[in-house]
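> One predicted model, sequence on top.
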Amino acid sequence: MSPRAKAVAVLLALTGTAYFGATAPPAGADGADAVIRDLEAEGYTVTINWLSGFNTQQLADCTVVRVNNPSSNPEPMPGDTVYVDVTCPNNLY
């Protein structure tokens, strides 16, 4: 399990909540593509909620605002879906 996944599991265990990553990632954080790739590597199915900007932008140029995991399991189970709120710039290209 990655350090990020361990931190999420501890957070979920302590708070009893199904939300994680409820705030914007810190400045200089990876693009949305890296966050989504990490979640998929951990076994989650990822659904993107496009909050603002154009969904035609490359995910590397976009930012993850929040990740919602409605499952109460701290470890991903087959078929667990997380919902990733993404915002993208309007006029990069």
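Nice, I can see it.
> where does Val86 land in three-state SS?
Following DSSP: H, G, I helix; E, B strand; the rest coil, we place Val86 in the strand state.
> which residues does it bridge with?
Applying DSSP bridges to Val86 gives these bridge partners: Trp50, Val64.
> now the strands for this protein?
19-20, 45-52, 63-68, 81-87 (DSSP state E).
> For Pro74, find the nearest of those.
Nearest of those to Pro74, taken as Cβ to Cβ: strand 19-20 at 10.0 Å. All C-beta atoms are positioned from the backbone trio N, CA, C, and that covers glycine.
> for that closest one, what is the average pLDDT?
Averaging pLDDT along strand 19-20 gives 43.
> Just the helices from the protein, written as ranges.
Using DSSP state H, the helices assigned to the chain run over residues 3-15, 32-41.
> And the ones you listed, which one averages the lowest pLDDT?
Of all the helices of the chain, the minimum mean pLDDT falls on helix 3-15 (a mean of 45).
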